[in-house]
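Colleague: sequence and computational prediction follow.
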Amino acid sequence: MSARAIQRPQPSPTGDEDLTQLRNADARRGRLVRGVMLAVALVYISALLVAPLAGVVLYALRSGLGTIGRTFGQSDVHHAFLLTFMIMAITVAVTTVFGVVVALVLARDRFPGKRFVSALVDLPLAVSPVVVGLMAVLLFGRGGWFEPFFAARGIQIMFALPAMILVTIFISIPFVIREVVPVLQELGMEEEQAAWTLGASRVQTFFRVTLRNIRWGLLYGIALSAARAIGEVGAVLIVSGAITGRTETATLYILRAFDQYQDQEGYIVALTLAAFSIVLLVGIETFKRRRTGEGD
Amino acid sequence: MAQVVIENDVRRPEGRARPPSGAALRRWSLRGAAFVYLGLFIVLPVVAILQHGFGDGLGNLRDALDSFGAKAAIRLTLEMAALTAIINGIFGTLLAYVLVRIRFPGRDLLSTLVDLPFAVPTLVAGVMLVALYGPNSTVGGWFEAHGIHIIFAPLGILLALLFVTLPLVVRSVQPVLLELDPAEEEAARVLGAGRWTTFRRVMFPALRPAIAAGCLLAFARSLGEFGAIVIVSGNRVNETLTAPVFISQLLLPTHYGSTGGPDAAAAVSAVLFGLAFVLVLATERLVSRDTERS
């Protein structure tokens, strides 16, 4: 096997002209191989991503302006979008602030079990959202660990906003941390030390040096986090009860629309969410490119 | 503004290249905040699920597995996740190669498209697939007429999972491929190795940990996926019901088949969760070994 792999090309008896011909043939075959690979990649992406996106655009627009107007006129739809963006805003705020803290600890602190903590941070990426919903049920639902505590104080957690926010935070935890840690590791501490030498306080140094240096990585993480928070459905479905007009987010509205055979409303709201996510995607790509440049 | 601060600070006598005094205290408060955050939001829920799922030994799990459709749901989930990991392992590697090594107009657009599943809500991904491949659409109707069922069939579940996990392998392989020196491949080619041999013997060994890590992540993600599947699959017991949807039905009284309740759900969830944790640890190990070597 290996003998064949390292076999040298046969020396051509007629000299250079033949060799050039051989080389040209090889280059042609190389172009062909690349062309085929590119074509396969494009077909795969088209069938899996682009065509379905076009499909939903077509469906939503085909339902006509009347249906679109009626859909956005519903107070349920208003409430659903409001709720989705409220949950997203709170989630992003919490995961950003604490995410930076955890990233600082993971990138700069040393302690036993650090690798375990790092794996813990990645866990929400792999855990099923449905399981996350169940975790909240076990903690705050009937017979849950914390249910007596909150019930005694008249605080509603399950089937209300608090549980919906908690599960969304769980699911969005990894993004900021995962994007900021490598940037911090690459940067090192020199600039911070310089700031300290010049007498800047720790708080000043953080806001003027550290935060400035990690800003693109942080924004990238925030955009990913926001996208995930807007799109969450499994966990939120289980903890919210999906009460129309009260705990129904935009994704839960889509789910109900399809359950009740109101597909058109479902398509329209889905397209709106897709549009938001494409705006986020542009942000994601921009921040990612800036972040790559930031290390130098 | 900045000028003023610097002038003030230079006059400080104790300015030295270390954090201002009280560094140990500050480090512990930072550490403490990080641990409390992760402890409350990740460790506590995890302990709750393990305690409920396995608290009474394996009894809950046995009951849950005996309930109608549970085993079929878990088997279907494992099969679909494995297929997804394999298919996206192959196409993800191909896409990474195309993005890194081939220059063509629209490369940035293709790169952006690969990230689309990170941005689009998974439920919307499912809606998109129904819009295109559903029985009422032109494309779906054509497939249906030729006896290929996509939506409300396992093929639809597979498509949804492929959609959702597409970026994972690509983004895992791409950075490694970027650092790979094309000179090694050229050397192999000059020595007479064919293109396929060069890929198999020179590139693939270098990419293998990254491909494996991407596939593991895709597999783990597929095991738990709910949003993309719930609209696409039709959720028929014993046919197209996956484990996450099965768990959700145990928990939601509004759906049919809610016989087991939270305990049965916790048992099945604990199994899914255990698998996810093992997969994450394995991925972590693959990635860290890879970075140590380079």
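Modeller: That came through, no problem. Numbering: from 1, shown residues only, chains lettered A, B, ... in the order given.

Colleague: what ranges does the stretch 51-200 of chain A have for its helices?
Modeller: Remark: helices assigned in the stretch 51-200 of chain A by DSSP state H, counting those that start in this stretch are A:51-62, A:64-73, A:75-108, A:114-126, A:129-140, A:147-152, A:161-187, A:190-197.

Colleague: those: which one's closest to residue B:32?
Modeller: Across the helices of the stretch 51-200 of chain A, residue B:32 has its closest neighbour in helix A:75-108 (9.5 Å, Cβ to Cβ). In short, each C-beta sits where N, CA and C put it, glycine included.

Colleague: show me what the closest one is packed against.
Modeller: Where contact means 3 or more Cβ pairs under 8 Å, 6 or more residues apart in numbering or on different chains; DSSP states H and E, helix A:75-108 is packed against helix A:114-126, helix A:161-187, helix A:215-231, helix A:250-259, helix A:263-294, helix B:23-38.

Colleague: mean pLDDT and mean neighbour count for those - can I get that in JSON lines?
Modeller: Listed next are the helices and strands packed on helix A:75-108 as JSON lines, based on pLDDT from 0 to 100; neighbours: other Cβ atoms under 10 Å in any protein chain shown:
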{"stretch": "helix A:114-126", "mean pLDDT": "86", "mean neighbour count": "19"}
{"stretch": "helix A:161-187", "mean pLDDT": "93", "mean neighbour count": "23"}
{"stretch": "helix A:215-231", "mean pLDDT": "94", "mean neighbour count": "25"}
{"stretch": "helix A:250-259", "mean pLDDT": "92", "mean neighbour count": "23"}
{"stretch": "helix A:263-294", "mean pLDDT": "87", "mean neighbour count": "20"}
{"stretch": "helix B:23-38", "mean pLDDT": "85", "mean neighbour count": "15"}
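
Colleague: for residue B:98, find the nearest of the ones you listed.
Modeller: Between residue B:98 and those, the shortest gap by Cβ to Cβ is with helix A:263-294, which sits at 17.4 Å.

Colleague: how far is the closest one from where the chain is centred?
Modeller: Its chain's average C-alpha position is 10 Å from that of helix A:263-294, according to Cα atoms, centre = their mean, to the nearest Å.

Colleague: same for it, what does it pack against?
Modeller: For helix A:263-294, the packing partners by 3+ Cβ pairs under 8 Å, 6+ apart come out as helix A:51-62, helix A:64-73, helix A:75-108, helix A:161-187, helix A:215-231, helix A:250-259, helix B:107-119, helix B:122-133.

Colleague: and the stretch 151-296 of chain A, which of its residues are near chain B?
Modeller: Neighbours of chain B within the stretch 151-296 of chain A, by Cβ under 8 Å from any Cβ of the partner chain: A:166, A:169-170, A:173, A:193-194, A:196-202, A:204, A:208, A:224, A:227, A:230-234, A:237-238, A:251, A:254-255, A:258, A:266-267, A:270, A:273-274, A:277-278, A:280-282, A:284-285.

Colleague: which residues in the stretch 151-294 of chain B form helices?
Modeller: Counting by DSSP H, counting those that start in this stretch, the stretch 151-294 of chain B has helices at residues B:154-179, B:182-190, B:195-198, B:204-224, B:227-232, B:243-251, B:261-293.

Colleague: nearest to chain A, out of these?
Modeller: Across these, chain A has its closest neighbour in helix B:204-224 (2.7 Å, Cβ to the nearest Cβ).

Colleague: and that closest one with helix B:122-133, angle?
Modeller: In terms of direction (axes from the mean of the first three to the mean of the last three Cα atoms, to 10 degrees), helix B:204-224 departs from helix B:122-133 by 100 degrees.

Colleague: next, the buried residues of helix B:204-224.
Modeller: Using 16 or more other Cβ atoms under 10 Å in any protein chain shown as the test for burial, helix B:204-224 gives B:206-207, B:209-224.

Colleague: what sits against residue B:174?
Modeller: Shown in contact with residue B:174 (Cβ atoms under 8 Å, 6 or more residues apart in numbering or on different chains): B:96, B:99, B:100.

Colleague: would you list those in CSV and tack on neighbour count, distance to residue B:124 and pLDDT?
Modeller: Listed next are the contacts of residue B:174 as CSV, based on neighbours: other Cβ atoms under 10 Å in any protein chain shown; distance: Cβ to Cβ, whole Å; pLDDT from 0 to 100:
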residue, neighbour count, distance to residue B:124, pLDDT
B:96, 26, 25, 96
B:99, 20, 24, 94
B:100, 18, 29, 93
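
Colleague: what's the weakest-modelled helix or strand in chain B?
Modeller: The helix or strand of chain B with the lowest confidence, counting by mean pLDDT, DSSP states H and E, is helix B:2-10 at a mean of 43.

Colleague: how near is the residue of the stretch 1-150 of chain B found nearest chain A to residue B:70?
Modeller: Relative to chain A, the nearest point of the stretch 1-150 of chain B is residue B:121 (2.7 Å; Cβ to the nearest Cβ). Applying Cβ to Cβ, to the nearest Å, the value for residue B:121 to residue B:70 is 28 Å.

Colleague: quick one, which of these two is more surrounded?
Modeller: residue B:121 (27 against 24; other Cβ atoms under 10 Å in any protein chain shown).

Colleague: give me the phi and psi for the more buried one.
Modeller: Backbone geometry at residue B:121, expressed as degrees, to the nearest 10, gives phi -60, psi 140.

Colleague: mind checking how far it is from residue A:64?
Modeller: Noted for residue B:121: a distance of 24 Å to residue A:64, by Cβ to Cβ.

Colleague: who are the contact partners of the residue positioned nearest the centre of chain B?
Modeller: By Cα atoms, centre = their mean, chain B has its centre lying nearest to residue B:221, at 3.6 Å. Contacts for residue B:221 (Cβ under 8 Å, 6+ apart) come out as A:125, A:126, B:164, B:165, B:168.

Colleague: which two in the residues you listed are spaced the farthest apart?
Modeller: For these, the maximum inter-member distance is 13.0 Å, found between A:126 and B:164 (Cβ to Cβ).

Colleague: which of the helices of the stretch 151-294 of chain B sits most buried?
Modeller: For those, the largest average neighbour count (mean count of other Cβ atoms under 10 Å in any protein chain shown) is found in helix B:227-232, namely a mean of 29.

Colleague: returning to that earlier point: same list, the helices of the stretch 151-294 of chain B, but as TSV with mean pLDDT please.
Modeller: Below are the helices of the stretch 151-294 of chain B laid out as TSV (pLDDT from 0 to 100):
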stretch	mean pLDDT
helix B:154-179	94
helix B:182-190	87
helix B:195-198	88
helix B:204-224	92
helix B:227-232	92
helix B:243-251	87
helix B:261-293	77
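
Colleague: distance to residue A:35 added to those, as CSV?
Modeller: Putting these into CSV (distance: least, Cβ to Cβ, whole Å) gives the following:
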stretch, distance to residue A:35
helix B:154-179, 19
helix B:182-190, 18
helix B:195-198, 13
helix B:204-224, 22
helix B:227-232, 32
helix B:243-251, 40
helix B:261-293, 31
